[in-house]
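Undergrad: Sequence and computational prediction follow.
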Amino acid sequence: MADHYEVLGVSRDATTDEIKKAYRKLARQLHPDVNPGEDAAERFKSVTHAYDVLSDDDSRRRYDMGGGDSASGGDFGGFGGFGDIFETFFGATQGGGRGGRPRSRRERGQDALVRVTLDLGDVVFGAHRDIDVDTAVLCETCQGSCTQAGTSPVTCDICGGTGHVQRQVRSLLGNVVTSQPCGSCEGYGTTIPHPCGTCAGQGRVRSRRTVSLDIPSGVETGLRLQLPGSGEVGKAGGPNGDLYVEVTVSPHASFSRDGDDLLATLEVSMSDAILGTETAIDALDGKVDLEIRPGVQSGDVLTIKGRGITPLRGTQRGDLRVGVQVVTPTKLDSAQRSLIEDFAKKQKAPGPQLAQFQQGLFSKLRDRFRH
């Protein structure tokens with residue numbers, strides 16, 4: 001059997017790196033894809049077996065002591081059974097060879113999510129916000145090249161720029177060939193010996209930037225607005241992801257929302273409810289005049305057209321609906337009580353009694369604002 005050192009063309013005191021370098025050179029010359037001859041195939045097997053033995057410290061020690069030439073995985077017809085795997089290397093070919101094209105360092109950036117809180121008044125007509133976003137931005141030093149100034153990525157000497165290496169194993173079922181990403185260049189086909197010191201070879205850095213946002217009218221809690229291309233910049237200056245802005249609308253002390261309508265409650269004194277009156281209330285977009293007719297009842301709804309919310313998709317505003325709540329006085333002085341008693345005697349109203357059941361009355365009490 002030929003001496004393994006002679007097969008690889010190295011001396012017996014060769015270093016591991018020298019053995020690896022000699023194997024790479026011979027593997028490129030003798031690989032069946034490059035040299036299809038039978039003699040080359042046999043030499044390729046011998047070279048691979050020699051490398052398997054000499055590249056492993058324990059196997060090489062046993063071989064040097066005359067203890068056999070099997071690799072540490074055990075002998076199986078000249079190969080380590082199902083576990084004796086050897087690498088083969090290829091030069092760069094159009095299309096990246098059988099392993100496929102090398103993957104690009106430039107990747108699309110991740111999407112980002114921020115949250116913004118609005119007042120109900122902002123929802124009526126929309127609002128403008130400047131939002132601070134902590135995200136990844138393009139490295140200004142290398143401009144996404146990932147390398148130091150004056151340098152560039154170099155072709156990987158393991159895969160020859162394909163980004164893949166093929167592995168072959170001999171089993172009882174025959175030879176099985178698989179392709180895997182190159183571990184040296186991580187499938188990129190190139191390595192960066194001099195990475196940018198600012199971004200550590202990533203082509204991007206973390207930073208805070210300000211995004212201007214026009215929030216449309218009619219938004220509601222939970223709605224997400226999408227800003228295409230405003231998310232994180234990708235690795236190696238890849239395209240930006242999207243930015244999503246999730247809206248939360250704060251509760252208002254006086255108004256609530258029902259679709260595009262605004263709801264409010266107006267407390268009316270008993271005398272104003274009886275006699276009627278005119279008043280003005282502060283709506284979200286200015287003063288609103290209200291006329292309270294004589295005899296208004298608790299639960300009645302006053303509707304002001306076009307003073308609600310501008311819809312998200314549309315231009316016609318909703319309404320402002322004001323529910324009346326008649327306030328009955330609980331503390332009267334003697335003069336006031338005398339007047340009320342005199343009024344009751346003159347009115348001669350019947351005492352409290354059950355009235356005819358009205359489904360609509362209970363619906364009004366349950367939700368005075370529903371249509």
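TA: Nice, I can see it. Owing to the predicted nature of the structure, the values given are computational and were not obtained by experimental measurement. Residues are numbered from 1 along each chain as shown.

Undergrad: For the stretch 201-350 of the chain, just list every one of the helices.
TA: Ranges of helices in the stretch 201-350 of the chain, per DSSP state H, counting those that start in this stretch, are 270-275, 334-347.

Undergrad: Any buried residues in the first one, and which?
TA: So the one you mean is helix 270-275. 272-273 (16 or more other Cβ atoms under 10 Å). Using the backbone N, CA and C atoms, a C-beta is placed for each residue, glycine as well.

Undergrad: Check stretch 55-62 too.
TA: 55-56, 59-60, 62.

Undergrad: Which of the residues you listed fall in helices?
TA: 59-60, 62 (DSSP state H).

Undergrad: Residue 328: which of these is nearest?
TA: residue 59 (100.3 Å; Cβ to Cβ).

Undergrad: Now do the closest residue to residue 225 other than its chain neighbours against residue 161, distance only.
TA: Distance criterion Cβ to Cβ, 6 or more residues apart in numbering; nearest residue to residue 225, sequence neighbours excluded, is residue 245 at 4.5 Å. Distance from residue 245 to residue 161, counting by Cβ to Cβ, to the nearest Å: 42 Å.

Undergrad: now swap in residue 195 and tell me
TA: 19 Å.

Undergrad: How much space separates the most centrally placed residue in the chain from residue 137?
TA: The chain has residue 111 as the residue nearest its centroid, 3.9 Å off, counting by Cα atoms, centre = their mean. Going from residue 111 to residue 137 by Cβ to Cβ gives 15 Å.

Undergrad: Skipping adjacent residues, who's closest to the residue nearest to the centre of the chain in space?
TA: Computed as Cβ to Cβ, 6+ apart, the closest residue to residue 111 that is not its neighbour in sequence is residue 241, at 4.3 Å.

Undergrad: Neighbours of that neighbour, how many?
TA: A count of neighbours around residue 241, defined by other Cβ atoms under 10 Å, yields 21.

Undergrad: Surely it touches residue 234?
TA: Yes - under the criterion of Cβ atoms under 8 Å, residue 241 makes contact with residue 234 at 7.4 Å.

Undergrad: what residues are shared contacts of the two?
TA: 108-109 (Cβ atoms under 8 Å, 6 or more residues apart in numbering).

Undergrad: Three-state assignment for residue 183, please.
TA: Per DSSP: H, G, I helix; E, B strand; the rest coil, the secondary structure class of residue 183 is coil.

Undergrad: Next, it: phi, psi?
TA: Phi and psi for residue 183, reported as degrees, to the nearest 10, are phi -70, psi -20.

Undergrad: quick one: what helix or strand has the residue nearest to residue 140 when sequence neighbours are not counted in it?
TA: Nearest residue to residue 140 in three dimensions, chain neighbours excluded: residue 198, at 7.6 Å (Cβ to Cβ, 6+ apart). Using DSSP states H and E, residue 198 is not contained in any helix or strand.

Undergrad: ok, now which ones touch residue 198?
TA: Taking Cβ under 8 Å, 6+ apart, we find residue 198 in contact with 139-142, 205.

Undergrad: Mind picking the two most distant members of the residues you listed?
TA: Of all pairs drawn from the contacts of residue 198, the greatest distance, 10.0 Å, lies between 142 and 205 (Cβ to Cβ).

Undergrad: what do these two both touch?
TA: Shared contacts of residue 142 and residue 205, counting by Cβ under 8 Å, 6+ apart, come down to 198-199.

Undergrad: between those two, who's got more neighbours?
TA: Set residue 142 next to residue 205 and count neighbours by other Cβ under 10 Å: residue 142 wins out with 23 against 16.

Undergrad: Quick check: that one touching residue 196?
TA: Yes - the pair residue 142 / residue 196 is scored as a contact, 3.9 Å apart, by Cβ under 8 Å.

Undergrad: Which neighbours do those two have in common?
TA: With Cβ under 8 Å, 6+ apart as the test, residue 142 and residue 196 both reach 148, 203.

Undergrad: Just grab the bridge partners of residue 326 for me.
TA: Bridge pairing for residue 326 (DSSP bridges) gives the partners residue 268.

Undergrad: How confident is the prediction for it, by pLDDT?
TA: Predicted confidence (pLDDT) for residue 326: 93.

Undergrad: wait, it sits on residue 295?
TA: No - between residue 326 and residue 295 there is no contact under Cβ under 8 Å: 10.3 Å.

Undergrad: coming back round to it: just the helices of the stretch 201-350 of the chain: most buried one?
TA: helix 270-275 (a mean of 14; mean count of other Cβ atoms under 10 Å).

Undergrad: what's that helix in contact with?
TA: Under Cβ under 8 Å, 6+ apart, the answer for helix 270-275 is 292, 294-297, 324, 326-329.

Undergrad: make it 10 Å
TA: The contact list for helix 270-275 (Cβ atoms under 10 Å, 6 or more residues apart in numbering) reads 268-269, 277-279, 292-298, 300, 324-329, 340, 343.

Undergrad: any idea of the mean pLDDT for that helix?
TA: Rounded mean pLDDT across helix 270-275 is 92.

Undergrad: Give me the distance from that helix to the chain's centre.
TA: For helix 270-275, the gap between its own C-alpha mean and the chain's C-alpha mean amounts to 59 Å (Cα atoms, centre = their mean, to the nearest Å).

Undergrad: Tell me who's in contact with residue 193.
TA: Residue 193 sits in contact with 147-148, 151-154, where contact means Cβ under 10 Å, 6+ apart.

Undergrad: so which helix or strand takes in the closest residue to residue 208 other than its chain neighbours?
TA: Sequence neighbours aside, residue 134 is the residue nearest to residue 208 in space, at 5.2 Å (criterion: Cβ to Cβ, 6+ apart). Taking DSSP H and E as the definition, one finds residue 134 inside strand 127-138.
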